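Chemist: Attaching a predicted model along with its sequence, questions to come.
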Amino acid sequence: MYDIRHIAGLFDLRADYVFGAPYGSGHINDTFRIEVDQAGIRTRFILQRVNSNVFKQPIPLMENVKRVTDEALRVLLAEGCKEAYRRTLTIIPAKDGKPYAQDEEGNVWRVYPFIERARTYDMIENPGQCIEVARAFGNFQKLGANLPGEPLFETIPDFHNTTKRFRNFQNAIATDPLGRAKSVQKEIDWFLAREADCHKVVNYLASGELPLRVTHNDTKLNNVMLDDVTGGGVCVIDLDTTMPGSSLYDFGDMIRTSTSPAAEDEKDISKVTMRMEYFEALAKGYCEAATFLTPLEKSLLPFSGKLLTMECGMRFLTDYLEGDTYFKIKRPEHNLDRTRTQMALVESIEAQMDAMMRFVEHD
């Protein structure tokens, strides 16, 4: 679909193009690994097309990425980090000096150096990985804690605004375009009973009791590169959703995506559980790095897992009621299966909330 050689030539690589090929398992952006010859040395880069169907304003998005990566590199160099250029993504400028290039069709492209001797994983294999992933995301937030200038651009407005998510859910119930509400009344009532939880963090942010931070907003395992030898967290990637938010959004999504052994769409909800050992590993790694947390932020870390899991389940159910128009489905009740899995995980978190709180208080 794309002339990769031509597009690579839009960037200031100062090298001869050798080849390029699709890379990775991402579902949003088009990603290629390219190899060039820099004065006789083969060097690899990541070339990506930003999906403008998902990210409606890719140029402000790239300005976000430039600001965040520049600040992270500045802090790492100031700290004397010997692997500063491996510990953060860095943008290769286009030949016109911009942090992106546009092709003839208006597509926005970017280039990063390829992070060598590290890889990503799609599934958590052990609690040790939880520690490394959580520490990496904590460090990412820490590197951007004093970002100068105006707040970052919101690449997806109200992405984790759970008050608005709840209103969307209520609207889907009221309109019920496919007449599905009656068949899922039990699930609807389950979420309605937890409405107060949806407003908690939003209200704290509005009052200033919780600070706005530079947050990643997609804290899955496969967005952290782990060292091939040590297994340690090296670099946080996929920065498209980096924008102002609460630290709780990032930590809560780590709990949602890392603590249950079951798949997100598992039909047998008896397999769904929040494994305390994995939560403790996440909390340990994150708190070691996120030394900037306020007492209120730290006290809400266990609750954040409940909130973000509930938000995701509510989005699945909203989409089911609206006719499966947002999330891709592979079977008629796919979104309903996803909803029930998230509900089961929330109930497991609720059952262990006291123990989670005790761990965080004494960690």
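Modeler: Here it is on my side, so go on.
Chemist: any idea which residue sits dead centre in this protein?
Modeler: Closest to where the C-alpha atoms of the chain average out (CA atoms, centre = their mean) is Asp218, at 0.8 Å.
Chemist: did I read that right, that residue in a helix?
Modeler: No: Asp218: not assigned to a helix; according to DSSP: H, G, I helix; E, B strand; the rest coil it is coil.
Chemist: so who does it touch?
Modeler: The contact partners of Asp218, taken as CB atoms under 8 Å, 6 or more residues apart in numbering, are 238, 240-241, 253. All C-beta spots, glycine's among them, are computed from the backbone N, C-alpha and C.
Chemist: Now the two most distant members of these.
Modeler: Within the contacts of Asp218, two members stand farthest from each other by CB to CB: Asp240 and Asp253, at 14.9 Å.
Chemist: of these two, who's got more company?
Modeler: Asp253 (25 against 22; other CB atoms under 10 Å).
Chemist: chain center to the host helix or strand of the more buried one, what's the gap?
Modeler: Using DSSP states H and E, Asp253 sits in helix 247-258. From the chain centre to the centre of helix 247-258 is a distance of 9 Å (CA atoms, centre = their mean, to the nearest Å).
Chemist: elements contacting that helix?
Modeler: In terms of contacts (3 or more CB pairs under 8 Å, 6 or more residues apart in numbering; DSSP states H and E), helix 247-258 is packed against helix 127-143, strand 213-215, helix 276-289, helix 301-322, helix 334-351.
Chemist: Can you give me the separation between the spatially closest residue to Val214 that is not a sequence neighbour and Ile269?
Modeler: Among residues not flanking Val214 along the chain, Gly144 sits closest, at 3.4 Å (CB to CB, 6 or more residues apart in numbering). Going from Gly144 to Ile269 by CB to CB, to the nearest Å gives 37 Å.
Chemist: from memory Asp250 sits against His216, does it?
Modeler: Yes: counting by CB atoms under 8 Å, His216 is a contact partner of Asp250 at 5.5 Å.
Chemist: list the residues that contact both of the two?
Modeler: Common neighbours of Asp250 and His216, counting by CB under 8 Å, 6+ apart, are 137, 141.
Chemist: in the protein, which spans are strands?
Modeler: 16-22, 30-38, 41-49, 101-102, 108-113, 118-119, 213-215, 224-227, 233-236, 243-245 (DSSP state E).
Chemist: among those strands, which is nearest Thr90?
Modeler: Thr90 sits nearest to strand 108-113 of all the strands of the chain, at 6.1 Å, using CB to CB.
Chemist: counting contacts, what elements does the closest one pack onto?
Modeler: Short answer (3+ CB pairs under 8 Å, 6+ apart): strand 108-113 packs on strand 41-49, helix 58-78, strand 101-102.
Chemist: who has more neighbours, Gly144 and Ile269?
Modeler: Gly144 (20 against 17).
Chemist: how close does the more buried one sit to Thr215?
Modeler: Distance, Gly144 to Thr215, using CB to CB: 9 Å.
Chemist: ends of stretch 221-234, how far apart?
Modeler: 12 Å (CA to CA, to the nearest Å).
Chemist: again with stretch 187-197
Modeler: First-to-last residue span, stretch 187-197, CA to CA: 16 Å.
Chemist: ditto for stretch 49-65
Modeler: 14 Å.
Chemist: The closest residue in space to His160 that isn't next to it in sequence - how many residues pack around it?
Modeler: Nearest residue to His160 in three dimensions, chain neighbours excluded: Tyr249, at 4.5 Å (CB to CB, 6+ apart). Using other CB under 10 Å, Tyr249 is surrounded by 24 other residues.
Chemist: With Ala355 as the reference, name the closest of the helices and strands packed on strand 108-113.
Modeler: Between Ala355 and these, the shortest gap by CB to CB is with helix 58-78, which sits at 34.7 Å.
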